[in-house]
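> Generate coordinates for the sequence data below:
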Amino acid sequence: MKILTVCGMGSGSSLIMKMNVDAILEEEDVKGEVEACDLGSVGGQGADLIISTAELENQLTDVETPKVFVNNVVDKEAIRAAILPQLKS
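Residues are numbered from 1 along each chain as shown. Next comes the predicted model:
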C-alpha cells in the first residue's frame with residue numbers, strides 16, 4: 001500500500017504525519033510505503049491512500065484516490081482512528 005501524507009509545501013505537517021503513519025503501520029503490522037508530498041504533486045503519485053489536514057479537504061476534491069483528513073497532525077491516536085478503517089479494507 002502506498003500512502004501519501006500531504007500538506008501545502010510538503011515539508012511541515014506532512015512530514016509529521018508521515019512519521020506518525022510509519023509508526024502506526026509498524027504497530028498494526030501493516031506493510032506500506034509512506035511518502036510526504038506537497039499539494040501540487042499529489043496527482044502524479046499513484047497512491048492507494050491520501051492523508052491530509054482538514055484545511056486542505058476542499059483542495060483535494062478532484063483527486064479520486066481515497067482520502068482521510070485529520071485535524072491534528074501530532075495526535076497519533078486520532079490519526080490511527082482515522083486511517084485504520086482504510087488500512088483494514
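
> Nearest residue to the middle of this protein?
Taking CA atoms, centre = their mean, the centroid of the chain lies closest to residue 51, which sits 2.2 Å from it.

> What is the three-state secondary structure of that residue?
strand (DSSP: H, G, I helix; E, B strand; the rest coil).

> Now do it against residue 67, distance only.
8 Å (CB to CB, to the nearest Å). C-betas here are computed from N, CA, C, even on glycine.

> What of residue 83?
Distance from residue 83 to residue 67, by CB to CB: 11 Å.

> Please say which of those two ends up with more neighbours.
Per other CB atoms under 10 Å, whichever of residue 83 and residue 67 has more neighbours is residue 83, with 22 against 19.

> Check the spacing between that one and residue 3 real quick.
8 Å.

> For the chain, which segments are assigned as strands?
2-7, 33-38, 49-53, 67-70 (DSSP state E).

> Which elements pack onto the shortest one?
Put plainly, it is strand 67-70. Packing partners of strand 67-70 (3 or more CB pairs under 8 Å, 6 or more residues apart in numbering; DSSP states H and E): strand 49-53, helix 76-88.

> tell me what the last one is packed against?
Yep, that's helix 76-88 we're talking about. Helix 76-88 packs on helix 13-28, strand 49-53, strand 67-70, going by 3+ CB pairs under 8 Å, 6+ apart.

> and the angle from it to strand 49-53?
160 degrees (axes from the mean of the first three to the mean of the last three CA atoms, to 10 degrees).

> what stretches of this structure score poorly on pLDDT?
9-11 (pLDDT under 70).

> can you name the farthest residue from the center of it?
Most distant residue from the mean C-alpha position of the chain: residue 29, 17.2 Å away (CA atoms, centre = their mean).

> All good on my end, thank you.
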